[in-house]
Structure formats: C-alpha cells, structure tokens
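J.: Return a 3D structure for these sequence lines:
(one chain, ligands or ions: 3)
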Amino acid sequence: MAGAAAKTLPRHVAITMDGNGRWAAARGLGRAAGHKAGLGPVRMCIQECSQRNIEALTLFAFSSENWARPAAEVGSLMGLFFDSLEAEISELQARNVAMRFIGARRRLPVRLQAQLAAAEERTAGNTGLKLQVAVSYGGRWDIVQAAAQLARECASGALRAEEITEERFAQATTLGHCDAELVIRTGGEQRLSNFLLWHCAYAELYFTPRLWPDFGVADLEEALDFFAARERRFGLLSGQVAS
Ligand code: IPE
Ligand code: IPE
Ligand code: MG
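T.: Numbering: from 1, shown residues only. Ligands and ions are numbered 1, 2, ... in the order given. Here you go, the predicted model:
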C-alpha cells in the first residue's frame, strides 16, 4: 500500500466506457444487457477514485454520434440512465460526490433532464470527487457552444475579440479549466470518438482491450501505474522537468 500511496496520481481521469455490446454478444445477450452490466465498473471507478482522492472523474456515457443508433437501443440507454441515477443518488450523496452532466441536454427526454438537474442541485455542496458524466456529449459540440457563447458576449459588447485567450475560451467550455490528465478507453479501439477534445490537449492516453463490463480494480490500477510511469514534459526537455 505504501508504494500505491506514493505514486503520482492524475487529478482528472476521463474514461470512454466502450465494449458493452460486444460483451453482451459474446454471451448471447442483447446489447441492453451489456449496458446494464457496465454499471458495476462505474460504481467501482467512483469508489476507487474517491478513496484515492482523485479530484475529478469524467465518464463518457453517450456521445453526440450515439443518437444515430437504433431507437430501441437509444431508448433503453435513456431508461438505464434514469433508473441507475435514481438508484445510486443517495449513495453518491453519502460519498460526498459532486455530480455534473455535460452535453446537449435539451436533446434528452424531459424527465431525464429534470432528474439530472435535481442530482446536480442535490450534490452541489459536496466537496469530494467531482463526477462529470458526458451524456449527449461531443467534443466538437463543446467547442462550438463555447465559441457561440463568446460570440454572443462580443456581440453584446461585454467582451472584445482581443480578450479571447485560451484561458477565457476554456472557461466557456462545459468543464472549464479541468484538463484530463489520464484518458482511459476500454474495448480495444484506439481513437477519441469525439470525447473531450479541448480538455485532452495534454492527456496521457491509455487503451485496453478489456471490455467495459469486465473492467476491474486491477485494470484501473494498471492504468494508474501507466500514468505514474510517464514523464510529462509539456514540451520541455527532460532535464528541465527534473529540476
Ligand atoms: C459503449 O459500448 C457504450 C455506449 C456507446 C453507449 P458500445 O455500445 O459501444 O459497445 P460495443 O463497442 O458495441 O461493444
Ligand atoms: C464512444 O464509443 C462513446 C461512448 C463510449 C459513450 P462508441 O462505441 O460510440 O465509439 P465508436 O463508434 O467506436 O467510435
Ligand atoms: Mg462501442
């Protein structure tokens, strides 16, 4: 445990939870069963990140592109989001977790929108893990909505174009200044699939073939070890980083 405590942990872990459908297919089950089985690792990651005092955990639950899946799958996912949040909210509150949902929320079913807002409000004062769930989210959507927000401020005279810096732009994104330090993707694909584009600018990327429902504590540990072994140079030379 002493070694585990000493290793450098990321402040912000972001996870693309992929492979639910393949996990289900391998068992002769429907895709919805795979999504349901994915709740176990979600609980585990929240618990482990909380215990390790990791500041923020962002989970990619549903992308802008996932809207184009068959209506039955989209419907079952919306139902699963609603039911699982209802079932878990008290536990999250007890764990001092502060929840936020990022994405184009107006596209979600109205009762889910209300539930997400209620969960944010209920946990807003919590000081533990920042749990950020990306639903109906796309990195490009996020960048475009930030640009539109700044354009409106310029049009109203509240902001001048010369005042738009990286700092100011970051503030207008859904996560604000919350760069991902470690991005984990399960399911074997080595791509971003439009996840946190702005916030991944200097993230360490960890890919594993493990399907999301099978992702266990040892897998998370391996990803954290991978992060701890990286030298994050931010463009400098190794000697500069060391000093
Ligand atoms: C990820 O699992 C969950 C969502 C995209 C909602 P998939 O449903 O993409 O599972 P695979 O990639 O088909 O196995
Ligand atoms: C990315 O997985 C989105 C989520 C995990 C929510 P996808 O399965 O949708 O991504 P692609 O289709 O492999 O790029
Ligand atoms: Mg997939």
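J.: and the residue of the chain positioned farthest from its centre, what does it touch?
T.: Computed with CA atoms, centre = their mean, the residue of the chain farthest from its C-alpha average is Gly157, at 34.0 Å. Residues near Gly157 by CB atoms under 8 Å, 6 or more residues apart in numbering: none. For every residue, glycine as well, the C-beta is placed using N, CA and C.
J.: roughly how far apart are it and Glu163?
T.: Distance, Gly157 to Glu163, by CB to CB, to the nearest Å: 12 Å.
J.: what residue is smack in the middle of the protein?
T.: Note: the chain centre (CA atoms, centre = their mean) maps to Thr58, 2.3 Å.
J.: hey, what's it bridged with?
T.: Ala14, Gln132 (DSSP bridges).
J.: Tell me the pLDDT of it.
T.: Predicted confidence (pLDDT) for Thr58: 98.
J.: ok, it to Arg22 distance?
T.: Taken as CB to CB, the span from Thr58 to Arg22 is 23 Å.
J.: when you scan stretch 174-193, is anything in it near ligand 1?
T.: Yes: using CB under 6 Å from any ligand atom, a contact is recorded between stretch 174-193 and ligand 1, made by Gly187.
J.: Kindly report the residues of this structure close to ligand 1.
T.: Met17, Asp18, Gly19, Asn20, Gly21, Arg22, Phe62, Asn66, Leu77, Gly187.
J.: From the residues you listed, keep the buried residues only.
T.: Met17, Asp18, Gly19, Asn20, Gly21, Arg22, Phe62, Asn66, Leu77, Gly187 (16 or more other CB atoms under 10 Å).
J.: Mind checking which of those residues are in helices?
T.: The members of those that map onto helices under DSSP state H are Asn20, Gly21, Arg22, Leu77.
J.: Determine the number of other residues adjacent to the nearest residue to the second one once chain neighbours are set aside.
T.: Nearest residue to Gly21, sequence neighbours excluded (CB to CB, 6 or more residues apart in numbering): Arg31, at 4.5 Å. Burial of Arg31 is recorded as 19 neighbouring residues (other CB atoms under 10 Å).
J.: likewise Tyr206?
T.: 20.
J.: where's it, which helix or strand?
T.: strand 204-207 (DSSP states H and E).
J.: What of Ser136?
T.: With DSSP H and E as criterion, Ser136 is part of strand 130-137.
J.: can you give me phi and psi for Leu220?
T.: phi -60, psi -40 (degrees, to the nearest 10).
J.: That one and Glu48 touch, don't they?
T.: Yes: with contact defined as CB atoms under 8 Å, Leu220 counts as touching Glu48 (5.6 Å).
J.: coming back round to it: from ligand 2, how far off is the residue farthest from the centre of the chain?
T.: The spacing between Gly157 and ligand 2, counted by CB to the nearest ligand atom, to the nearest Å, is 39 Å.
J.: Let me know the pLDDT of that residue.
T.: 98.
J.: go on, Ala5?
T.: Note on Ala5: pLDDT of 52.
J.: can you tell me how far Asp225 sits from ligand 2?
T.: Taking CB to the nearest ligand atom, one finds Asp225 at 23 Å from ligand 2.
J.: Apologies, that question was intended for Leu39.
T.: 14 Å.
J.: try Gln115
T.: Taken as CB to the nearest ligand atom, the span from Gln115 to ligand 2 is 19 Å.
J.: do the same with Thr8
T.: 27 Å.
J.: No further queries at this time; thank you.
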